[in-house]
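> Below are the sequence and a predicted model; questions follow.
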2 protein chains.
Amino acid sequence: MNIYDISKRAGVSIATVSRVLNNSSRVSEKTRQKVLSVMEECGYTPNAFARGLGLNSMKTIGVMCSDSSYPYQAKAVYFIQQQLRSYGYDCILCCTGDEYLHKKEYCDLLLTKKVDGIILVGSGYISQKPEENRFITETAQKVPVMLLNGHVEGDNVYCIVTDDERSMEKAATYLLEEGEGQELLYLYNALSDSGRRKIQGIKKACEKKGMDPEAARIYYFDGYHEDIPRIADFLHQLSEKGINFNKILCSDDSLAMGALRYAYQEKLQVPEKLQIMGYGNSMLVHCCNPQLTSVDTKEEIMCRTLVDTLLHVLDGEEKPAIQVYSGELMLRGTTLSRK
Amino acid sequence: MNIYDISKRAGVSIATVSRVLNNSSRVSEKTRQKVLSVMEECGYTPNAFARGLGLNSMKTIGVMCSDSSYPYQAKAVYFIQQQLRSYGYDCILCCTGDEYLHKKEYCDLLLTKKVDGIILVGSGYISQKPEENRFITETAQKVPVMLLNGHVEGDNVYCIVTDDERSMEKAATYLLEEGEGQELLYLYNALSDSGRRKIQGIKKACEKKGMDPEAARIYYFDGYHEDIPRIADFLHQLSEKGINFNKILCSDDSLAMGALRYAYQEKLQVPEKLQIMGYGNSMLVHCCNPQLTSVDTKEEIMCRTLVDTLLHVLDGEEKPAIQVYSGELMLRGTTLSRK
DNA sequence: ATGAAAGCGCTAACAA
DNA sequence: TTGTTAGCGCTTTCAT
């Protein structure tokens, strides 16, 4: 069943059928109805490949992330997919891992598949080495590239980012001001673009409190973010080494889960003896006792904006290259509350 | 840049170029090298749409799930995507929600997009009403349909399932045998196919212990699985109503998080006063104190098997219609350990 | 408003 | 082993 069959049965030419298919206005209402009813009768659906060949688009967007099972990315992928569908677009999902070459290869793969645009989820796609970001601007010469939480300058590249530096600065400032002492430890496990911005925020907060930002207790946990027991161990080792802290700020809620486990193992009361703060405001904040203070990064609205922006760009409209959202501190039981 | 350009520059016909593209053995090594080098030079990649039109396939698989941000589904989608890619296939992700019509519509949409196969993630795709499962068998007349944790009979439908009934029976039996009394409460929040099998397992365990399976304390939490505070409230209300329990078995780890919150709010010591068991063995098991006893459902191996099976089917091989995996009890701190 | 016909870039049957 | 050629099912230009 193809366009010829329909045209015969409807007593028109294939051109007319095609026009109906593409909602052209240059078809009389009468013939349009006739053609539509024949299509209905036959249960006809146009061949997507042939259509793609003619239109040079199959209305699909490539969505890349390092690992879509990570809570943040999982949410992002979900929101993006939903929003794309509302515009009639589908998404091809690619989990690239963290290696530069894989990222680049997947990008090329998606171009080969002739997607209409590419979305990079997470700041892991931005490197400090400019040459490792070139694949993004190069890709953008073919299709619009959208970055969620990453920033790179280039034609046809659009960035939707959280103001991680300011958000982390706010979070750290809060902790430094609450409770006794300023033994703040910052724990992170991603060396990404946003990871670096977060660290800047921490240092800024320290500086403003008259502390030496270079002496800030900033530690990198080199392991899988879901490996809660190892995170706890890591903190234990730091403490064994004589590093003092009574406040832990984490780059991610799951790291904070490790911090809570550490507190439990060491029988440190939270928040009296140890304050803990996460980042992301994921479902994990409710999975612990007391509940976790965290920073809400407005993920859903960011994803919707990202997709809206992309679709406007595909429509040829002008759009801002960067759109920044601010994080919001969600105070809960793992931190002391302001008197 | 197309196949004609390449053929001209390489001094061969387009048929030969096409053969090289498709790894045909009917090309001399010399011309193959010549053609390949020209392709390389020109940075040529074949047009995927034209290729799809000719081959009637673009090597894409449709992956449907209700909400890819739910931890179980997020993991499944990730494993499936990775395994598909290792075979050179890509996946189009669709989040359908729970409504029957949406599921059916997405299925049709994927067929329209001419995917080579469809994977349904989660038992939510199976209804008790046979007419609501018909879209699956109908779809299977066009492309192979794979079910992860759902079971339906039909040509070209392949099911990879956890033995939820036996697994839940094992879990419930364990709880009934440990500690004082048999006040076991079963909490679930999905009325899906596997949800029903789990309940059967609970009843069976009760029966074998000489209890009336119809009197079993089986409760449905009608809410979002991530809404931990509401789950805790729900348990509180049950207890207010005079329903006694000192053991809670949950259909899902996130429900168990709610149970732990409840215990915390009521100051019930876990596991001494209240034993809690989850299902799924997700990262959440490490996010609480004590750590959560749960049932490991072998998600990764199931997903790999699913994709392997699909690819063999696409190759025309014969494959079993059902493959069943057993769950494994992972004992941790929220349950009493066997003496 | 409608139709004829020339692509789009590839595959594959058939011929050589 | 290689080339010729007829599709695949659609879009779109150019007539009418």
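Right, received. Where do you want to start? Given the structure is predicted, the values throughout are model-derived calculations rather than measurements.

> and A:L336, what does it touch?
When the contact criterion is CB atoms under 8 Å, 6 or more residues apart in numbering or on different chains, the partners of A:L336 are A:178-179, A:271-272, A:275. Where you see a C-beta, it was placed from the backbone N, CA and C, and this is true even at glycine.

> which parts of chain A sit against DNA strand C?
Listed as neighbours of DNA strand C in chain A under the rule CB under 7 Å from any atom of the strand: A:11-16, A:19, A:25-28, A:30-32, A:50, A:53-54.

> again, 6 Å this time
A:12-16, A:26-28, A:31, A:53-54 (CB under 6 Å from any atom of the strand).

> Can you tell me which of those residues has the most neighbours?
Ranked by the number of neighbours (other CB atoms under 10 Å in any protein chain shown), these place A:T16 first, at 22 neighbours.

> I'd like to know how many residues surround the nearest residue to A:E153 once chain neighbours are set aside.
Closest residue in space to A:E153, ignoring its immediate chain neighbours: A:A321 at 7.2 Å, by CB to CB, 6 or more residues apart in numbering or on different chains. Neighbourhood size, A:A321 [other CB under 10 Å]: 14.

> Can you tell me the number of residues neighbouring A:S254?
In terms of burial, A:S254 registers 26 neighbours under the definition other CB under 10 Å.

> buried residues in the helix or strand hosting it?
Take DSSP states H and E as the rule and A:S254 turns out to sit in helix A:253-265. Applying a neighbour-count criterion of 16 or more other CB atoms under 10 Å in any protein chain shown, the buried positions in helix A:253-265 are A:253-264.

> ok, which stretches of the stretch 151-300 of chain A are strands?
For the stretch 151-300 of chain A, applying DSSP state E, counting those that start in this stretch gives strands covering A:157-162, A:184-188, A:217-220, A:247-250, A:275-277, A:294-296.

> Tabulate these (JSON lines), appending mean neighbour count, distance to chain B and mean pLDDT.
JSON lines is the format used below for the strands of the stretch 151-300 of chain A (neighbours: other CB atoms under 10 Å in any protein chain shown; distance: least, CB to the nearest CB, whole Å; pLDDT from 0 to 100):
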{"stretch": "strand A:157-162", "mean neighbour count": "23", "distance to chain B": "18", "mean pLDDT": "98"}
{"stretch": "strand A:184-188", "mean neighbour count": "24", "distance to chain B": "16", "mean pLDDT": "97"}
{"stretch": "strand A:217-220", "mean neighbour count": "17", "distance to chain B": "20", "mean pLDDT": "96"}
{"stretch": "strand A:247-250", "mean neighbour count": "29", "distance to chain B": "13", "mean pLDDT": "98"}
{"stretch": "strand A:275-277", "mean neighbour count": "28", "distance to chain B": "13", "mean pLDDT": "98"}
{"stretch": "strand A:294-296", "mean neighbour count": "23", "distance to chain B": "13", "mean pLDDT": "98"}
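
> can I get the ones you listed in a markdown table with distance to B:T137?
Output for the strands of the stretch 151-300 of chain A, formatted as a markdown table (distance: least, CB to CB, whole Å):
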| stretch | distance to B:T137 |
| --- | --- |
| strand A:157-162 | 42 |
| strand A:184-188 | 50 |
| strand A:217-220 | 53 |
| strand A:247-250 | 49 |
| strand A:275-277 | 52 |
| strand A:294-296 | 44 |
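
> wait, which of those is closest to B:D67?
Between B:D67 and the strands of the stretch 151-300 of chain A, the shortest separation by CB to CB is 20.0 Å, and it involves strand A:294-296.

> Can you list the strands that that closest one pairs with?
Sheet pairing here is set by DSSP bridges, and for strand A:294-296 it gives strand A:328-330 (antiparallel).

> Can you say which of the strands of the stretch 151-300 of chain A is nearest to B:Q237?
Proximity to B:Q237, assessed across the strands of the stretch 151-300 of chain A by CB to CB, is greatest for strand A:294-296 (27.7 Å).

> what does the stretch 151-300 of chain A have sitting close to DNA strand D?
Within the stretch 151-300 of chain A, not a single residue sits near DNA strand D (CB under 6 Å from any atom of the strand).

> give me the residue from the stretch 151-300 of chain A nearest DNA strand C.
Each residue of the stretch 151-300 of chain A has a distance to DNA strand C, by CB to the nearest atom of the strand, and the smallest belongs to A:N156, at 21.1 Å.

> which ones are touching that residue?
With contact taken as CB under 8 Å, 6+ apart, A:N156 is in contact with A:140-141, A:143-145, A:313.

> What values do phi and psi take at it?
Dihedral angles phi and psi of A:N156 (degrees, to the nearest 10) take the values phi 70, psi 20.

> Would you mind measuring from it to A:N133?
14 Å (CB to CB, to the nearest Å).

> Stretch A:86-105: which residues count as buried?
When neighbours are counted by 16+ other CB under 10 Å, the buried residues of stretch A:86-105 are found to be A:89-96, A:103-104.

> and if you look at stretch A:193-207?
Taking 16+ other CB under 10 Å as the basis for neighbour counts, the residues of stretch A:193-207 that come out buried are A:193-199, A:201-206.
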